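> Could you work out the structure for the sequence below:
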Amino acid sequence: MRRRQAGFSRDRRVAIVAACLVVACGSDPQVAPDAAPPDSPDVDAPMNPACREFAATGLDVPVHVVGALDKADVLSPKQCGVVDAPYGIESMGPDSVVKIKGLVAGTPYVVKLDSPSDLAFYVTTGCTGAAGPDEAECALFVDASSGSREVGRFVAEGPTAYVVVDYYASHAPQSGAFTLDVYPEACTASAQCGGGTPVCSAGRCVECTSSFDCASASAPRCDVVANTCVAGMDLCSTDDDTEPANDGPAGAVPLVIDGNGNAGVSGVICSLPRSEADYFSFHVTSLGDVWDLSLSWLGARDLDLEVLDSRGEPIGLSFWEHPEAMRLTYLPLGTYYIRIADFSAATTDPIGYALTAHRTAGSGCTSRSDCAAEFRNQIYRGDCVAGACVPIAGNGTVSEGQACDSVSDCGSGLSCPSFFFVQDAATRDVCTRSCSADADCAALGSDYVCTTYLVTNICVQKCTSSLQCPTAIQDAPASGPWYRFTCNTATGRCAP
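Numbering: from 1, shown residues only. Next up, the predicted model:
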């Protein structure tokens, strides 16, 4: 059984997923439903047969195209000016070329591609190579995600450019349909936005990019396609009184702690739509408090429990147990949100549940090791500051061998083995170099080996227990909270 991604977006950690288990604010875009298709002839079209698709009439920016891949006519060059593709440049599959006109040289533009399949795109200024554009013509190649959206930015060199929508494999994808938007970049940070569109997303000022941007219980849910806050959805055949306001953080139901540190609520949920979720909140008012949460229900449905901070960053997860449970320690003061979802087969049939919380008074952290002590369901926050464990703010400055808790902490060419739910993160999570063999790790000492299960392998400290090995949170475990790699203590290696 495969497990979907957790209900959040986070790129700050190394996440082990099945694909990695290998050895080896501007104006709205112009809608042009009646525009000439990209393959319409152009009297100035290049004559090279491989570049026939570049003979398009072209569309004036801003562009909104709803299209589909054509034949595999053109190949991207092996290198482009900017490459955002962790798996490398691959463009063997069917493609479609969209000619963009009306660009202003020196102006940055954003390309946003949405598709049901894992499509990629690249931006070129022409097509003069034998098989397609040459390296000098390719400004940008983007295949950064295995999901449905790719976004990239390029600076126009002249009035015309071409966006090639492509597929990495030689066979056709399950669906070749796509939606392509190209428009001038209006922002690079949310500080440049305001009013009703306070968030910068993909070069535009929008209302929201997640439900944590939505402030009203009457519209607590972010439509991430339209980037607008919308009303909650109430499709369950029967539901509780808090629906649909509690479909987002703005309508979260507060947990009220009694004099003994206990709180309990009940609710009803179903799994249609797939984005259906119930939110609850609790407040941390004392440093050092320990919070124990439990989610229980009857029957064979599959409910999930997540805790997120006020920005929507995950603090703890529980996916595979019945009941789901987690312990959270050394939380900074503030408001936290509990998200409950039903990952069963899609149905409007409701399932009742009970959520309980218990707060135990404690003292604040004094060292990084305190932050790593509880790891079963709590995500490691690697810096102890004024009694609370908070994420390390490395911002790409941490040198090799120094502590980290996310890839973004480390300096250029370095990575952080910040896997979810592992023991001894306080000493094992340090910035290290990439590698292809153990010899590449020799400068770090004899206690390091090269991983074999990542797309880009890195040097890690040898394991002495399987609890130090990565977890694959999408895969069902035989027992316990997570599927975990196994440590070969003789070699110090973790393996799936």
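
> Mind jotting down where the helices sit in the protein?
368-373, 425-428 (DSSP state H).

> can you give me the strands for the stretch 251-400 of the chain?
253-254, 262-269, 278-284, 290-297, 303-308, 314-318, 324-328, 334-342, 351-360, 383-385, 388-390 (DSSP state E, counting those that start in this stretch).

> Export the ones you listed to a markdown table and append columns for mean neighbour count and mean pLDDT.
(C-beta placed from N, C-alpha, C; glycine too.) Formatted as a markdown table, those follow (neighbours: other CB atoms under 10 Å; pLDDT from 0 to 100):
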| stretch | mean neighbour count | mean pLDDT |
| --- | --- | --- |
| strand 253-254 | 15 | 98 |
| strand 262-269 | 17 | 97 |
| strand 278-284 | 20 | 98 |
| strand 290-297 | 19 | 99 |
| strand 303-308 | 23 | 99 |
| strand 314-318 | 22 | 99 |
| strand 324-328 | 21 | 99 |
| strand 334-342 | 20 | 98 |
| strand 351-360 | 18 | 98 |
| strand 383-385 | 17 | 98 |
| strand 388-390 | 21 | 99 |
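
> And these: which comes nearest C404?
strand 383-385 (10.1 Å; CB to CB).

> So what are the sheet partners of that closest one and their directions?
strand 388-390 (antiparallel) (DSSP bridges).

> show me the contacts for the closest residue to A442 other than its chain neighbours.
Nearest residue to A442 in three dimensions, chain neighbours excluded: Y448, at 7.9 Å (CB to CB, 6 or more residues apart in numbering). Y448 makes contacts with 432, 438, 441-442, 459-462, as judged by CB atoms under 8 Å, 6 or more residues apart in numbering.

> circling back to that earlier point, for P173, which of the helices of the chain is the nearest?
Using CB to CB, the nearest of those to P173 is helix 425-428, at 38.1 Å.

> Poorly predicted segments of this protein, please.
1-47 (pLDDT under 70).

> Show the end-to-end separation of stretch 177-192, please.
Start-to-end span of stretch 177-192 (CA to CA, to the nearest Å) is 33 Å.

> ok, back up a step: could you flag which of the contacts of Y448 are buried?
Applying 16 or more other CB atoms under 10 Å to those, the neighbour count classes 432, 441, 459-462 as buried.

> Could you break the chain into its assigned domains?
27-184, 190-230, 242-390, 391-495 (automatic domain parsing).

> out of the ones you listed, which comes closest to C236?
That would be domain 242-390 among these, by CB to CB, at 3.9 Å.

> That closest one: end-to-end distance?
Per CA to CA, domain 242-390 runs 32 Å from first to last residue.

> Same check on stretch 57-67?
End residues of stretch 57-67 are separated by 15 Å (CA to CA).

> and the closest residue to D424 other than its chain neighbours, what does it touch?
The shortest distance from D424 to any non-neighbouring residue, by CB to CB, 6+ apart, is to Q468 (5.8 Å). Q468 makes contacts with 422-424, 428, 487, 494, as judged by CB under 8 Å, 6+ apart.

> Turn the helices of the chain into CSV, including distance to P391.
Converted to CSV, the helices of the chain look like this (distance: least, CB to CB, whole Å):
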stretch, distance to P391
helix 368-373, 10
helix 425-428, 12
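
> Could you export those to a markdown table, including columns for distance to A120 and mean neighbour count?
Shown next, in a markdown table, are the helices of the chain (distance: least, CB to CB, whole Å; neighbours: other CB atoms under 10 Å):
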| stretch | distance to A120 | mean neighbour count |
| --- | --- | --- |
| helix 368-373 | 38 | 19 |
| helix 425-428 | 34 | 20 |
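
> Okay, and the beta partners of the residue nearest to A442?
Per DSSP bridges, the residues bridged to Y448 are Q461.

> same check, this time on G152
Beta-bridge partners of G152, as defined by DSSP bridges: V111.

> Could you tell me how far it is located from V449?
Computed as CB to CB, to the nearest Å, the G152 to V449 distance reads 35 Å.

> For those two, indicate the residue with more neighbours.
G152 (25 against 21; other CB atoms under 10 Å).

> Would you confirm that L140 contacts Q79?
No: between L140 and Q79 there is no contact under CB atoms under 8 Å: 11.5 Å.

> Compare these two (neighbour count), which wins?
Taking neighbours as other CB under 10 Å, L140 and Q79 compare with L140 leading, 21 against 12.

> check contacts around that one.
Contacts of L140 (CB under 8 Å, 6+ apart): 80-84, 111, 122-123, 152-154.

> Then N262?
356-359.

> Next, format those residues as JSON lines and append distance to F178.
Formatted as JSON lines, these follow (distance: CB to CB, whole Å):
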{"residue": "T356", "distance to F178": "46"}
{"residue": "A357", "distance to F178": "45"}
{"residue": "H358", "distance to F178": "49"}
{"residue": "R359", "distance to F178": "49"}
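
> State the distance from the residue nearest to A442 to P417.
11 Å.

> Quick check: neighbours shared by these two?
432, 460.

> Identify whichever of the helices of the chain lies nearest to V104.
When the helices of the chain are compared by CB to CB, helix 425-428 sits nearest V104, at 48.6 Å.

> Tell me the helices and strands packed up against that closest one.
Judged by 3 or more CB pairs under 8 Å, 6 or more residues apart in numbering; DSSP states H and E, the packing partners of helix 425-428 are helix 368-373, strand 459-461.

> is it possible to export these to CSV including distance to V98?
Putting the helices and strands packed on helix 425-428 into CSV (distance: least, CB to CB, whole Å) gives the following:
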stretch, distance to V98
helix 368-373, 49
strand 459-461, 43
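
> and of those, who's closest to V407?
strand 459-461 (13.4 Å).

> surely K112 meets F178?
No: using CB under 8 Å, K112 is not in contact with F178, being 10.6 Å away.

> Which one's more surrounded, those two?
The neighbour comparison of K112 against F178 (other CB under 10 Å) goes to F178, with 23 against 20.

> dump the residue contacts of that one.
66-69, 96, 113-115, 119, 165.

> Identify, from those residues, the entry nearest to D223.
Nearest to D223 among these, with distances taken as CB to CB, is D114, at 13.3 Å.

> any idea how far V225 is from the closest one?
Relative to V225, and taking CB to CB, D114 is found at 8 Å.

> Which one of the two is surrounded by more residues?
D114 (17 against 10).

> Make sure that one is actually in contact with S148.
Yes: contact criterion CB under 8 Å: D114 and S148 qualify, at 6.0 Å.

> now the buried ones among the contacts of Y448 in JSON lines, with distance to V256?
Listed next are the buried ones among the contacts of Y448 as JSON lines, based on distance: CB to CB, whole Å:
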{"residue": "T432", "distance to V256": "46"}
{"residue": "C441", "distance to V256": "52"}
{"residue": "C459", "distance to V256": "49"}
{"residue": "V460", "distance to V256": "44"}
{"residue": "Q461", "distance to V256": "44"}
{"residue": "K462", "distance to V256": "48"}
